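Q: Could you look at this predicted model? Sequence included:
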Amino acid sequence: MTMDKLNRLAKWRSVFAAWQLGTRADTDPECQAVRDHREATILLRAETSALVGLLTAKGVFTAAEFAAQLDAEADALSAMYARRWPGMRATDLGIAYDMPEALATMKGWRP
């Protein structure tokens, strides 16, 4: 039963791919890549939610402890991304670009 439900959930990958790329043939390599990535993200979200729900229900940690750890992980990952892409940082309004450092980082990126 679980695999049936996960297979049904994973069908959303085509909607996400169409939203990102527009309508494409299933054989299109870029579309296949986006569908694969979206499927992994969808399943990871379901698995993580299930795991956190069980651990909280069993008293391994509280919802507040989880939220505090999630805050710390989000800050750490955002800082890592800012180091990876100099001249860019996440803000509450979006990505802030510090020019010309960001331009140097984006040199060679596709238009």
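A: Cool, the structure landed.
Q: And for the nearest residue to residue 101 once chain neighbours are set aside, the neighbour number?
A: In space, not counting the residues next to it along the chain, residue 101 is nearest to residue 87; the distance is 3.2 Å by Cβ to Cβ, 6 or more residues apart in numbering. C-betas here are computed from N, CA, C, even on glycine. The tally of other residues near residue 87 (other Cβ atoms under 10 Å) stands at 16.
Q: cool, and the one 10 residues further on?
A: Residue 97: 15 surrounding residues under other Cβ under 10 Å.
Q: contacting residues around it?
A: Contact analysis of residue 97 by Cβ atoms under 8 Å, 6 or more residues apart in numbering lists 87-88.
Q: measure the residue nearest to residue 101 to residue 33 for me?
A: 27 Å (Cβ to Cβ, to the nearest Å).
Q: One more: residue 73?
A: 26 Å.
Q: try residue 3
A: 24 Å.
Q: of those two, who's got more company?
A: residue 33 (12 against 7).
Q: what's the straight distance from one end of stretch 2-17 to the other?
A: Chord length of stretch 2-17, first to last residue, is 24 Å (Cα to Cα, to the nearest Å).
Q: Tell me how far it lies from the chain's centre.
A: Averaging C-alpha positions (Cα atoms, centre = their mean, to the nearest Å) puts stretch 2-17 16 Å from its chain's average.
Q: do stretch 72-79 as well
A: Using Cα atoms, centre = their mean, the offset of stretch 72-79 from its chain centre is 13 Å.
Q: Over to stretch 93-104?
A: Worked out by Cα atoms, centre = their mean, stretch 93-104 lies 21 Å from the chain centre.
Q: now do the same end-to-end measure for that stretch.
A: End-to-end distance (Cα to Cα), stretch 93-104: 23 Å.
Q: With stretch 96-108 instead?
A: Rule used - Cα to Cα; the end-to-end distance of stretch 96-108 is 20 Å.
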